[in-house]
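In: this one's sequence-less:
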């Protein structure tokens with residue numbers, strides 16, 4: 001089933017002390033990009049959730065900017081490994097979920113980059129959201145900060 005994803009993103013210059021937020025989960029994530037076609041992508045992901053275990057997913061995403069279309073499907077470890085073998089690029093990060101936002105701390109060729117994303121139920125809520133100052137520069141419409149672009153090109157200059 002296709003889902004409309006409404007999300008805004010920012011580049012974080014300096015993380016605040018996260019003790020002021022309720023950390024709901026922390027997980028390590030690896031995205032492997034199998035196919036990229038303009039604004040579309042097919043990726044398989046390995047998600048290791050602290051205290052829970054590992055899950056595998058495939059996602060097809062299309063569009064750029066605040067509103068995108070997403071289709072997700074759970075994978076078996078064997079399906080994930082098969083898709084990973086034919087992937088063209090990968091991206092590794094740790095995601096800290098603070099309830100209203102997800103903070104991505106990148107590894108590998110993007111080490112040092114920190115972004116934060118907020119998902120919204122509707123466009124009106126997204127437009128009305130006032131981010132905390134520490135969120136930094138908004139990059140919602142900057143395709144260079146899409147995970148697939150970072151996987152292929154590293155940190156945008």
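Out: Happy to help now that I have it. What you see is a predicted model, and the numbers here were worked out from it, not measured in a lab.
In: where exactly do the strands run in the chain?
Out: 3-11, 25-37, 40-49, 53-62, 67-75, 89-97, 102-106, 114-119, 137-138 (DSSP state E).
In: residue 125 is nearest to which of those?
Out: With Cβ to Cβ, the closest approach to residue 125 among the strands of the chain belongs to strand 3-11: 7.9 Å. All C-beta spots, glycine's among them, are computed from the backbone N, C-alpha and C.
In: what mean pLDDT does that closest one have?
Out: Strand 3-11 carries an average pLDDT of 96.
In: mind listing what's buried along that strand?
Out: Across strand 3-11, burial judged by 16 or more other Cβ atoms under 10 Å covers 6-11.
In: repeat that for stretch 53-63.
Out: In stretch 53-63, counting by 16+ other Cβ under 10 Å, buried: 56-58, 60-61.
In: would you mind giving the strands of the chain as JSON lines with distance to residue 151 added?
Out: Output for these, formatted as JSON lines (distance: least, Cβ to Cβ, whole Å):
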{"stretch": "strand 3-11", "distance to residue 151": "15"}
{"stretch": "strand 25-37", "distance to residue 151": "6"}
{"stretch": "strand 40-49", "distance to residue 151": "9"}
{"stretch": "strand 53-62", "distance to residue 151": "13"}
{"stretch": "strand 67-75", "distance to residue 151": "17"}
{"stretch": "strand 89-97", "distance to residue 151": "4"}
{"stretch": "strand 102-106", "distance to residue 151": "10"}
{"stretch": "strand 114-119", "distance to residue 151": "13"}
{"stretch": "strand 137-138", "distance to residue 151": "21"}
